[in-house]
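In: Would you be able to build a 3D model of this:
(one chain, ligands or ions: 2)
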Amino acid sequence: MPSTQDVYSALKSVPMPELGADKDVVSAAAVRNLVISGGAVSFDLVLAIGDGVPEERVQERQAACESAVKGLAGVTSVHVKTSVRPVPVANQRSIMPHVKHVIAVASGKGGVGKSTTAANLAVALHRQGHRVGLLDADIYGPSVPTMFGVSGRPEPAGEKQIHPMHAHGISLMSIGFLVDPDTPMVWRGPMVHGALTQFMEQVVWGELDYVVVDMPPGTGDAQLTLTQKAPLSGAVIVTTPQEVSLVDARKGLKMFEQVKVPVLGIIENMSYFVCNSCDAEHDIFLRGGGRRAAEEMSVPFLGEIPLQSGIAASGDGGLPIVLSAPESAASKAFLELASTLHKRLGHAGAEPSGLQSMAWKD
Ligand SMILES: Nc1ncnc2c1ncn2[C@@H]1O[C@H](COP(=O)(O)OP(=O)(O)O)[C@@H](O)[C@H]1O
Ligand SMILES: [Mg+2]
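Out: Numbers count the residues shown, from 1 in each chain. Ligands and ions are numbered 1, 2, ... in the order given. Prediction:
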C-alpha cells in the first residue's frame, strides 16, 4: 500500500505552470481529500480561483495526476474527482463592487503579527503598482491608525457614507478612527457586526485592485460574520512556528474552508532571528512549523518572516517596514508575498465597471 507521502511526492511531479515555474499541483493546494485504501487511491483535484488553467487543459492535468500516481508501487486503481472553482466577478457584487479582490489576513490568535502582515502586504501591493485599501476589522485591538501614523476622523460622503483615510498611498479604515481608543471593550462587542458590515458597505472605497482586511483574531462569531459577508477572494493565515499557534492556525483554516473561502496559504512570522552582529540566522523557535502545517493541510506555504527588531519600531512609528527598510529580509518576504498573491489572483477578477454605484443598506 502506498503511503500518503509517496502519493504527494508523485503528484509533485505534475506542474502548475500557470502559477509559476516552480509550482506543482501539491504546492498549489489543488490536491484535496486524499484517501488511500489498500491499493485504491482517490483524491479531489480542485483547480481553484485564479489558477487560470485553460479549460482545454483541465482534462490533461487530471490525466497527468492519474498517471503519476498509477506509476507508484502497490497502486491498483486511481480515482480523481476534478472540479473547477468559479471566479467571482467583481462588478457583479453589491458589496464593494469596484474592488477587484478582498484578501483577509487572519490568525487563530492575537500577537502573531497579523496586523504587521496586513499592513506590510498592503504597502507591498501598492509598491508593486496596485491600488490598495486596508480595512482594519480588528474591533478589539485596532492597529491601523498607529501603524500608519494617522489620526483624526473620516470625512462624511453624503448622508450615509464616509471617505476612507489615506497614508502612504493606501486607503484606510479602522474603528480606531471612529471611536475613542479608551472606549471599553464591552461596549465594542455589540458594535462588531454593525461596524464590520458598515466598513464594507458604507466606506467609499472607490476603484481598487485590492482591499486587505486585518481580521480580528480567532475563529468566533465576528470572524464568521466577516467571512460570510465579505466578498473574499481568499485568506492568508499568519502563524508563528510554535505548536500552540499552529493549532489555532489549523482552526482558522477550517473556518475558511467551512464558508468556502479559498485559503491562499500560510505565512510563518517570527520564523527566525537574524542577529545584527553576526548575520547568521538563528532558529529560536521551531522554524518550519508553518511550512509543515501548510503541507499537511494541502495549502500553499507563502514564506517566512524573520523576527526583526525594526518591525516593532516601524509599526509604532507609523511607517511599515516595507517602506522604512525595504531591503530588509522581512520586507523582501512581504514583497514576495504580495507578488505571489497577485500572481494567484491578479488575472482572475474582472475590471471594475465604473458603472454601478456603491450599494448600501440602512
Ligand atoms: N517579525 C517580527 N519581528 C519583530 N516584531 C514583530 C514581528 N511581527 C510582529 N512584531 C511585533 O509584535 C507585536 C504584535 O504584532 P501584531 O502585528 O500587532 O500582531 P496581531 O495583529 O496578530 O495581534 C507588535 O508589536 C509587532 O510590532
Ligand atoms: Mg492586530
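In: What sits closest to the closest residue to ligand 2 within the stretch 151-300 of the chain if chain neighbours are left out?
Out: Ranked by Cβ to the ion, the top residue of the stretch 151-300 of the chain for proximity to ligand 2 is residue 214, at 6.2 Å. All C-beta atoms are positioned from the backbone trio N, CA, C, and that covers glycine. The shortest distance from residue 214 to any non-neighbouring residue, by Cβ to Cβ, 6 or more residues apart in numbering, is to residue 118 (3.8 Å).
In: before we move on, back to that, need the pLDDT of the residue of the stretch 151-300 of the chain closest to ligand 2.
Out: At residue 214, the model reports a pLDDT of 94.
In: do residue 353 as well
Out: For residue 353, the pLDDT comes out at 29.
In: Which helix or strand lies directly C-terminal to the least confident helix or strand in the chain by mean pLDDT?
Out: Within the chain, confidence by mean pLDDT, DSSP states H and E is lowest for helix 185-188 among all helices and strands, at a mean of 60. The first helix or strand that comes after helix 185-188 along the chain, using DSSP states H and E, is helix 191-201.
In: Buried ones in that following helix, by neighbour count?
Out: Of all the residues in helix 191-201, those buried under the rule 16 or more other Cβ atoms under 10 Å are 192, 195-201.
In: so which residue of the stretch 251-362 of the chain comes closest to ligand 2?
Out: For the stretch 251-362 of the chain, Cβ to the ion, closest residue to ligand 2: residue 315, 9.8 Å.
In: again, but for the chain
Out: As assessed by Cβ to the ion, ligand 2 sits closest to residue 115 within the chain, at 3.3 Å.
In: With adjacent residues omitted, what lies nearest to that residue?
Out: Nearest non-adjacent residue to residue 115 (Cβ to Cβ, 6+ apart): residue 143, at 4.3 Å.
In: With residue 315 instead?
Out: In space, residue 315 is closest to residue 147, 5.1 Å off (Cβ to Cβ, 6+ apart).
In: residue contacts, the one you found?
Out: 115-116, 119, 315, 318, 320 (Cβ atoms under 8 Å, 6 or more residues apart in numbering).
In: Could I get the phi/psi values of it?
Out: phi -60, psi -30 (degrees, to the nearest 10).
In: Can you tell me how far it is from residue 329?
Out: Applying Cβ to Cβ, to the nearest Å, the value for residue 147 to residue 329 is 19 Å.
In: cool, and residue 229?
Out: 36 Å.
In: cool, residue 230 as well?
Out: 31 Å.
In: so what's residue 114 up against?
Out: Shown in contact with residue 114 (Cβ under 8 Å, 6+ apart): 105-107, 138, 214-215, 217, 238.
In: Which residue, other than its chain neighbours, is closest to it?
Out: Once flanking residues are discounted, residue 114 sits nearest to residue 107: 4.4 Å by Cβ to Cβ, 6+ apart.
In: right, and that neighbour touches residue 249 too?
Out: Yes. Counting by Cβ atoms under 8 Å, residue 249 is a contact partner of residue 107 at 6.8 Å.
In: Spit out the residues that contact the two alike.
Out: Going by Cβ under 8 Å, 6+ apart, residues that sit against residue 107 and also against residue 249 are 237-239.
In: Arrange the residues you listed in TSV, one row each, with distance to residue 304 as further columns.
Out: Below are these laid out as TSV (distance: Cβ to Cβ, whole Å):
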residue	distance to residue 304
237	14
238	12
239	11
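In: Highest neighbour count among these?
Out: Neighbours here mean other Cβ atoms under 10 Å. Within the shared contacts of residue 107 and residue 249, the largest count is held by residue 237, at 33 neighbours.
In: Residue 41: how many residues sit nearby?
Out: Counted with other Cβ under 10 Å, residues neighbouring residue 41 total 26.
In: Assumed it was part of a helix.
Out: No. Secondary structure assignment (DSSP: H, G, I helix; E, B strand; the rest coil) places residue 41 in strand, not in a helix.
In: which residues pair with it across the strands?
Out: For residue 41, the beta-bridge assignment (DSSP bridges) gives partners residue 36, residue 78.
In: wait, what's in contact with it?
Out: 2, 7, 34-35, 69, 75, 77-79.
In: now the helices: where do they sit in this protein?
Out: 4-11, 55-70, 114-127, 144-147, 185-188, 191-201, 221-229, 243-258, 289-296, 309-316, 321-324, 329-345 (DSSP state H).
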